[in-house]
Every structure is written in C-alpha cells, then in structure tokens.
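J.: Give me the fold of what follows.
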Amino acid sequence: MSDFKREDLRVVVLAGGISDEREISFASGANVVEALKEEGYGEVVTLDPASEGFLNQLEHGGFDVAFIALHGRGGEDGMIQSILEFLDIPYTGSGVIASACAADKDVSKALYERAGIPIAKGMTLASDDEVCVADIIEVVGEECFVKPAVNGSSFGVTYVKNADELPNALETVFDHDDKALIEERLVGTEITVGVFGDPAHALPIVEILPQEGSDFYDLEVKYIDPALVHRIPAAIAGEDYRKAEEFAVRAHEALGCTGFSRSDFIVTERGPVILETNTIPGMTSTSLFPDEARHANIPFSKVCDELIRIAIKRWER
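T.: Residues are numbered from 1 along each chain as shown. Modelled structure (predicted):
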C-alpha cells in the first residue's frame, strides 16, 4: 500500500473518547477531517470510542487506516493503539509501548534521565499513600506543581505557592488520577518543541508568553488566539535553542515515538529542562503543533497526509 491512492482509502478519524480532553479531541478531529478532505482522501469517517457499538463499527467498517485524534486517557496511553493492533488496522502516531511510557510522566522522566535529558526534581504519590507535607517540601521545595501522572491538557494541575496548599492540590489530582506527580517549580521561559517526520526532526520552537491572571499555561490560556500566546521562533539564547531541539528529538527517540510528538520545557539558568512529551499533540486551530508546522511552511493538511503515509509504512514493515 506504499503507493496508495488517497482517493481509494477509507479513513477513520477517532475523536472524543473517555478522557477529560474529550471536547478538545472533537475539535482536533474536526480539523483533521477537513485537512484529509483537502488532501483528497476518498472517504473520511469519524468515530467516537465512547459511543455505543464503537468496537463493532471499527472492526467491520472496512477501514484502511485510522487517524488517532484522541488525547489523554484511552487515546495517548496505548489503549486505543492496542485495539487497533489487534484488529490489524494501521494507525497514526506512536505505538502501544511508546504511548504508554510517554503518558505516564513518572515513567517518561526515568527514560529522559537515562537519555541524558535534564529533568525537574520531583516525586510521585499514589492515592492511598500516607502524605507527609514536610517530606514533600524537602524534596521539591515549597513552591511546586502538583499534577496527575497520567493526564493531559493541564486538567488537575495546581501551582502550589506554599505548604498549606498541598493537601488541596493532591485532592484535586486524585479526582483525575490515582497517581500524583509533584515537581519543583522551575523558573524560566516556557517553550515547546514539536518533532515531526521520518526521520524525526524538530519544528520551530514556540515560546509560551505569560498571560495576565494565569500562573502557567493552563486551560484558559491554551485555547485563546495563538498570536497572543505563541512566539515563534522562541526568543531564547542560541545555545538553549539548539539544546532544546536536540533534547526534543532525543526524548522522541528515547520513548520510541513515531510520526510526531511535542515536548515541553522550561529554559532555566542551567538550560532547558523537560517537563513532558505529548504523543498526540492538540490539533485544533489554536493548538501548538499545527502552529509550529505552519511556521516551518508545512500546511496542516500536509502534516496529516504525512502521518498517514508513515502509519501505512510502519504497518507494512
């Protein structure tokens, strides 16, 4: 199928799902559908994994390839990838193991460290662990971030300014996940680096501009006009820029990602420190990855087309 004709392919776009990012996923999926139609794909169908009869529709739909536009639990963690593997349907993005490793921030941090990528000081707690605030502060400091170990799009993330706020922050996290990641607050410039293609290469780096009233790149900031939030290319020192590109590609490879990913960093006094890697970055009209691709002169429709090409190539191997 390497020399496939787009007009002959029946593509299923998977959007919605079971995570907190369900509505964002629908927006990503709609953007992908439009892009694939623009590229001349024959039939493009959208399915929601949370809908009744989904597995039957997927198995018997006669689909040539699946485009995964799911974010968070059930989409980026290897779950849907496992189903597609079982059904022998080619799919975009990373495989089962890479997806699962990247989705769990505790696991991905271990792989980053092994690959020589600087990480933040931190610790994890399970929902049934005994909490000692003093022990946490000793490791990460009083100012820290508390986030679900497996989630995305800033759901459940709290910026903790003092020790008294920690218990409530942990309570918030455990509403979203049964494992919390607690990390030191890194001071510096927030950037994100998309990685795309086969072979993988870094896209223009985005600097996340601070917004009045927001302590970090939260849900309110993520989906406003990108021109107000994204500065491309990032206004950081040349050496930091080069290192961030290198670390993003290294993270992509250390996790075993395929096709695309997007890694977030804080550029501190000691250089870029990685926060996390998204294996299925947001693909809405205001999302970071499509914005980076545009600045690399790659239209979004071409991004989607290339991801399908890579998916089919991997499946043939």
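J.: what stretches of this structure score poorly on pLDDT?
T.: 1-2, 151-154, 211-227 (pLDDT under 70).
J.: what ranges do the strands span in it?
T.: 10-14, 43-47, 65-68, 122-126, 144-148, 158-160, 179-184, 189-196, 201-202, 206-208, 230-231, 260-268, 271-278 (DSSP state E).
J.: Would you mind finding the most buried of the ones you listed?
T.: strand 65-68 (a mean of 26; mean count of other C-beta atoms under 10 Å). No exception for glycine: its C-beta is placed from N, CA and C like everyone else's.
J.: can you list the residues that contact that strand?
T.: The contact list for strand 65-68 (C-beta atoms under 8 Å, 6 or more residues apart in numbering) reads 9, 11-14, 32, 36, 58, 75, 80-81, 84, 89-93, 280, 304, 307-308, 311-312, 315.
J.: Now Phe289. Nearest residue, chain neighbours left out?
T.: Pro281 (3.8 Å; C-beta to C-beta, 6 or more residues apart in numbering).
J.: OK, contacts around that neighbour?
T.: Gly194, Phe260, Ser261, Arg262, Ser287, Leu288, Phe289.
J.: ok, now which ones touch the first one?
T.: For Gly194, the set of contacting residues under the criterion of C-beta under 8 Å, 6+ apart consists of Ala202, Leu203, Val206, Ala248, Phe260, Ser261, Arg262, Pro281, Leu288, Phe289, Glu292, Ala293.
J.: rerun that using 7 Å as the cut-off
T.: Residues in contact with Gly194, defined by C-beta atoms under 7 Å, 6 or more residues apart in numbering, are Leu203, Phe260, Arg262, Pro281, Phe289, Glu292, Ala293.
J.: Could you list which of those belong to helices?
T.: Using DSSP state H, the members of the contacts of Gly194 that fall in helices are Phe289, Glu292, Ala293.
J.: related to what we said a few turns ago, check the gap between the residue nearest to Phe289 and Glu7 for me.
T.: As for Pro281, its distance to Glu7 is 28 Å (criterion: C-beta to C-beta, to the nearest Å).
J.: if we can go back for a sec, wait, which of the contacts of Gly194 is closest to Lys105?
T.: Arg262 (14.4 Å; C-beta to C-beta).
J.: how many other residues sit next to Leu288?
T.: Around Leu288 there are 26 other residues, counting by other C-beta atoms under 10 Å.
J.: between the contacts of Pro281, which is closest to Leu111?
T.: Nearest to Leu111 among the contacts of Pro281, with distances taken as C-beta to C-beta, is Ser261, at 12.8 Å.
J.: Surely the closest one is in contact with Ile274?
T.: No - counting by C-beta atoms under 7 Å, Ser261 does not reach Ile274; the two are 11.8 Å apart.
J.: Find the centremost residue of this protein, please.
T.: Centroid-nearest residue in the chain: Asn278, 2.0 Å away (criterion: C-alpha atoms, centre = their mean).
J.: For it, name its beta-bridge partners.
T.: Arg262 (DSSP bridges).
J.: So it versus Glu59, what's the distance?
T.: 28 Å.
J.: Same question for Phe67.
T.: 17 Å.
J.: before we move on, the earlier item: going through the contacts of strand 65-68, which ones are buried?
T.: When those are checked for burial by 16 or more other C-beta atoms under 10 Å, the buried set is 9, 11-14, 32, 36, 58, 75, 80-81, 84, 89-93, 280, 304, 307-308, 311-312, 315.
J.: Asp198 and Ile312 touch, don't they?
T.: No - using C-beta under 7 Å, Asp198 makes no contact with Ile312, being 11.6 Å away.
J.: OK, contacts around Ala192?
T.: Small correction: residue 192 is Thr, not Ala. With C-beta under 7 Å, 6+ apart, Thr192 has these contacts: Val206, Ile208, Arg262, Ser263, Asp264, Leu288.
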